[in-house]
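Trainee: structure for this input, please:
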Amino acid sequence: MGLFFRNRTGESVWVAYAYSSSGCSDGGNWAKKGWWRLAPGATAKVRSGFVGGSKFFFYAHGEGGSPEWSGPFVTNLPQPAFDWCWNTASSSGTNRGLQKLIVPTTSLDHTVVFS
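Mentor: Below you'll find the model as predicted:
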């Protein structure tokens, strides 16, 4: 059980995602974490446990910056690995738009496929 990302492209993909976190000290209820480097054909488990009915956000880009999987939910993502609250930012980070993902309630686990 869990949330997975799978790379079906011909190049490496870098992934960050956001999840509900009531313990964030910045006043928000979301945390963000990254980066996972997925080689072509690779799958990464980013969250364990039952994910059915959960809401997540994600952003990904190819090794050279393209292709890009983004959306309208903007937050600051730094270049090095991170595990931050949603509103935490870095002057060396970049504002990126994340896509919303709502996992069906009947899913024990869910895989987002990049292709």
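Trainee: what's the closest non-adjacent residue to the residue most central in space within the chain?
Mentor: Nearest to the centroid of the C-alpha atoms of the chain, with distances taken as C-alpha atoms, centre = their mean, sits Y17, at 1.7 Å. Counting by C-beta to C-beta, 6 or more residues apart in numbering, Y17 lies nearest to F58, which is 4.3 Å off, once chain neighbours are set aside. (Glycine included, C-beta is placed from N, CA and C.)
Trainee: swap in T75?
Mentor: Closest to T75 by C-beta to C-beta, 6+ apart is W86, at 5.5 Å.
Trainee: now swap in G41 and tell me
Mentor: The nearest residue in space to G41 (C-beta to C-beta, 6+ apart) is N7, at 6.6 Å.
Trainee: circling back to that earlier point, the residue nearest to Y17 in helix, strand or coil?
Mentor: strand (DSSP: H, G, I helix; E, B strand; the rest coil).
Trainee: what is it paired to in the beta sheet?
Mentor: Under DSSP bridges, the beta-bridge partners of F58 are Y17, Q99.
Trainee: low pLDDT regions in this structure?
Mentor: Scanning the chain for pLDDT under 70 picks out the ranges 27.
Trainee: all strands for this structure, in order.
Mentor: Along the chain, counting by DSSP state E, strands occupy 2-7, 13-20, 30-38, 43-48, 55-62, 68-69, 73-77, 82-85, 94-102, 109-114.
Trainee: who does F5 bridge with?
Mentor: Counting by DSSP bridges, the residues bridging with F5 are A44, V112.
Trainee: could you report the neighbour count for V112?
Mentor: Close neighbours of V112, defined as other C-beta atoms under 10 Å, add up to 18.
Trainee: distance of it from S90?
Mentor: Applying C-beta to C-beta, to the nearest Å, the value for V112 to S90 is 25 Å.
Trainee: fine by me, we can end here.
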